[in-house]
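In: Provide a 3D model corresponding to the input given below.
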Amino acid sequence: MTGEISRKGAKAQRTQVAKVHCHPERSEESCRRSSTGHKIRVASAPASAQDDRVTTSPSRFAPSPLRAFAPLREALIVLAVLAALVLATPVRAEEGVVVRASEAQVNFPRGVSFRLEAESAAGIADVQLQVNTPGQRYGAAVRNVRPTFAAGPSVTATWTWPRFGNQLPPGAEVTYRWRITETDGRVTETPQSSVRVQDSRHDWQEISDGPITVRWYKGGESFGRDILGAARESTARLRQIQGVELRYPLTIHVYASQAELFEAVPGAPGWIGGISIPEFDTVMIGIEPTNLPWGRRALTHEMTHQLVFQMTHHPTLGSRVPTWLNEGLAVVAEGETEARNRQLVDEAVDADTLPTLRALSAPFSAQSGHLAGAAYAASESAVRFLLDAYGPEKMRALLLGLGDGLSPDESVQRAYGKSFDQLEDEWRRDAGLRPFDRGRADGAADDGSAGANLQRDPSDGGIPWTVWLALALAGATLVAAGAGGWLVYRRLRS
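Out: Residues are numbered from 1 along each chain as shown. Modelled structure (predicted):
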């Protein structure tokens with residue numbers, strides 16, 4: 001017989017409710033008494049009575065199995081709150097410094113602009129920018145520059161790396177990082193970032209074959225392939241007739257005209273048709289699609305500079321090839337001597353004003369158009385003489401000597417078995433001139449032709465003694481005049 005537990009006493013409080021199965025040996029009255037006014041302890045029935053009893057409902061006051069995990073649940077809640085707080089806090093580059101922005105923007109052709117926004121509760125006292133061009137074959141080094149900024153708890157620092165001449169050509173990679181010093185002396189360095197210089201004003205096309213890549217934006221695919229073919233032919237020809245070879249990859253940027261090339265190379269002389277930037281394995285050249293024959297000659301000229309640099313480059317000394325040799329090889333590589341160059345050399349020989357090779361060792365870019373043309377013509381004449389008289393193998397030996405770190409004089413001696421002056425005299429005699437007279441005190445030639453050099457010959461003995469005497473007399477006169485004036489002043493005062 002089944003009984004039901006009633007409310008305990010007259011109170012409305014709820015207590016444990018269970019259905020109780022009376023044992024068969026107990027009377028119904030006994031079972032009823034047990035169900036009123038007494039606490040019931042529910043016990044398991046004997047195994048023999050399993051089928052006759054009703055299952056007891058679980059008490060709401062019984063311990064829940066999930067309570068054992070309560071400490072773990074609370075710990076997880078605490079961790080979640082802490083994680084939310086961390087994510088909501090700005091990331092600090094280091095103690096006290098918050099970097100809000102660090103960026104670099106290429107403004108071709110003007111330069112690359114860098115910008116930093118940072119703040120610190122302690123205050124920022126100093127900001128430095130470290131930049132580098134790691135792809136540069138020679139001369140790559142970290143530069144520490146001082147950007148424009150105002151010290152304080154929040155700073156905005158800016159600096160622009162200007163492009164000038166052969167600096168930062170298309171394709172150059174620039175790495176940078178900021179160094180921030182707080183007023184308490186703590187220093188923070190941002191992670192290194194990089195930006196690549198590109199001329200984004202044009203929609204470039206690109207084609208490659210082995211180590212040579214050509215990029216252009218005006219003209220169809222056939223134009224690009226013509227330039228690539230010309231570059232391959234120039235490489236093979238230069239190795240055969242001059243002994244120079246391509247050792248590293250080369251990228252050629254073809255602009256649609258000389259004017260557009262000039263815009264892309266700030267600071268370059270207006271007469272250039274192309275520029276070789278060997279430190280970055282780059283050639284920039286202006287070729288109109290309708291003037292491909294001239295473009296081939298100009299391309300060969302600039303590629304020669306690349307190959308010569310690669311052969312003469314020394315890891316610590318760089319390339320010390322003299323300009324007359326570098327430009328002479330490039331002009332010879334173009335092909336037959338142009339009529340204008342032949343005329344300039346003939347005029348110099350007739351007037352006995354042919355420049356010395358030492359005077360032609362400095363860059364020609366600072367010269368005016370006519371003087372630069374005369375320098376190119378004389379350099380071509382000297383190199384053609386060396387190639388005709390001694391062949392490409394001697395020239396190759398000369399270039400490799402420079403690559404080994406020898407000076408031009410030392411390299412000439414090792415390659416040709418003669419001194420630099422002896423070799424120059426042979427060239428002058430071949431051109432129809434007397435050897436240069438290096439025995440005079442002033443170092444000038446017998447005919448005074450040294451006065452027409454593009455720059456003063458390093459062998460020049462200096463200023464004549466008559467000039468020194470005139471300067472001394474002028475100085476003595478000034479001293480005497482000053483002393484006389486002082487005496488007159490003292491007399492008037494007294």
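
In: ok, the longest strand belonging to the chain: who's next to it in the sheet?
Out: Identified as the longest strand of the chain according to DSSP state E is strand 111-132. Using DSSP bridges, strand 111-132 pairs in its sheet with strand 97-107 (antiparallel), strand 143-145 (antiparallel), strand 152-162 (antiparallel), strand 173-182 (antiparallel).

In: can you list the weak-confidence ranges in this protein?
Out: Within the chain, the stretches with pLDDT under 70 are 1-95, 366, 439-477, 479-494.

In: Pipe the strands paired with strand 111-132 into JSON lines and attach mean neighbour count per row.
Out: Every C-beta, even on glycine, is put in place using the N, C-alpha and C of the backbone. Formatted as JSON lines, the strands paired with strand 111-132 follow (neighbours: other Cβ atoms under 10 Å):
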{"stretch": "strand 97-107", "mean neighbour count": "16"}
{"stretch": "strand 143-145", "mean neighbour count": "11"}
{"stretch": "strand 152-162", "mean neighbour count": "17"}
{"stretch": "strand 173-182", "mean neighbour count": "20"}
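
In: Of the ones you listed, give the one that comes closest to Glu119.
Out: Minimum separation from Glu119 across the strands paired with strand 111-132 (Cβ to Cβ) falls at strand 152-162, 4.2 Å.

In: Tabulate the CA atom coordinates of the closest one in CSV.
Out: The C-alpha coordinates for strand 152-162 follow below in CSV (Å, rounded to 0.1, in the frame of the first residue of the first chain):
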residue,chain,number,x,y,z
GLY,A,152,55.9,66.4,-25.2
PRO,A,153,53.5,63.7,-24.1
SER,A,154,52.2,63.3,-27.6
VAL,A,155,54.4,63.7,-30.7
THR,A,156,54.1,63.6,-34.5
ALA,A,157,57.4,63.1,-36.2
THR,A,158,58.0,63.4,-40.0
TRP,A,159,61.0,63.2,-42.3
THR,A,160,61.3,63.0,-46.1
TRP,A,161,64.1,61.2,-47.9
PRO,A,162,64.5,63.1,-51.2
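
In: which residues are in contact with that strand?
Out: Outside strand 152-162, the residues that touch it by Cβ atoms under 8 Å, 6 or more residues apart in numbering are 107, 110-124, 127, 129, 131, 145-149, 168, 174, 178, 266.

In: List only buried entries from these.
Out: 111-112, 114-116, 118-120, 124, 127, 129, 131, 147, 149, 168, 174, 178 (16 or more other Cβ atoms under 10 Å).

In: now the strands for the stretch 151-300 of the chain?
Out: 152-162, 173-182, 187-189, 193-196, 205-209, 212-216, 250-255, 274-277, 282-286 (DSSP state E, counting those that start in this stretch).

In: Which of those strands sits closest to Tyr416?
Out: Across those, closest to Tyr416 is strand 274-277 (Cβ to Cβ), at 26.2 Å.

In: so who does the closest residue to Ile227 other than its chain neighbours touch?
Out: For Ile227, ignoring the flanking residues on the chain, the nearest one in space by Cβ to Cβ, 6 or more residues apart in numbering is Val214 at 4.9 Å. For Val214, the contact set (Cβ under 8 Å, 6+ apart) comprises 206-208, 224, 227-228, 231, 251-252, 254.

In: Can I get the buried part of the residues you listed as one PyMOL selection?
Out: In PyMOL syntax, the buried subset of those is picked out as below (16+ other Cβ under 10 Å):
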select buried, resi 224+227+228+231+251+252+254
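
In: which residues of the stretch 301-450 of the chain fall in helices?
Out: 323-334, 339-350, 369-403, 408-416, 420-431 (DSSP state H, counting those that start in this stretch).

In: Arg186 is nearest to which of these?
Out: From the helices of the stretch 301-450 of the chain, taking Cβ to Cβ, the stretch that ends up closest is helix 369-403, at 47.3 Å.

In: and the angle for that closest one with helix 339-350?
Out: Here the directions of helix 369-403 and helix 339-350 differ by 90 degrees (axes from the mean of the first three to the mean of the last three Cα atoms, to 10 degrees).

In: separation between the nearest residue to Glu103 once chain neighbours are set aside and Asn132?
Out: Spatially, and ignoring its direct neighbours in sequence, Glu103 is nearest to Arg115 (5.3 Å; Cβ to Cβ, 6+ apart). Distance, Arg115 to Asn132, by Cβ to Cβ, to the nearest Å: 18 Å.

In: try Gly139
Out: On the measure of Cβ to Cβ, Gly139 and Asn132 end up 11 Å apart.

In: Quick one: residues contacting the closest residue to His301 other than its chain neighbours.
Out: Sequence neighbours aside, Ala330 is the residue nearest to His301 in space, at 4.5 Å (criterion: Cβ to Cβ, 6+ apart). Going by Cβ under 8 Å, 6+ apart, Ala330 touches 300-302, 304-305, 308.

In: Which two among those are spaced furthest apart?
Out: Thr300 and Val308 (12.5 Å).

In: More neighbours: these two, which one.
Out: Val308 (26 against 23; other Cβ atoms under 10 Å).

In: List the contacts of the more buried one.
Out: Contact analysis of Val308 by Cβ under 8 Å, 6+ apart lists 244, 319, 321, 325-326, 329-330, 399.

In: Kindly reformat the residues you listed as CSV containing distance to Leu387.
Out: Formatted as CSV, the contacts of Val308 follow (distance: Cβ to Cβ, whole Å):
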residue, distance to Leu387
Val244, 11
Ser319, 20
Val321, 16
Leu325, 11
Asn326, 14
Leu329, 9
Ala330, 13
Leu399, 12
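
In: Return the member of those nearest to Val349.
Out: Distance to Val349 across those (Cβ to Cβ) is lowest for Leu325, with 20.3 Å.

In: Tell me how far that closest one lies from Leu399.
Out: 8 Å.

In: circling back: for the strands of the stretch 151-300 of the chain, give me CSV that also has distance to Arg296.
Out: Converted to CSV, those look like this (distance: least, Cβ to Cβ, whole Å):
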stretch, distance to Arg296
strand 152-162, 33
strand 173-182, 30
strand 187-189, 49
strand 193-196, 29
strand 205-209, 16
strand 212-216, 13
strand 250-255, 12
strand 274-277, 12
strand 282-286, 11
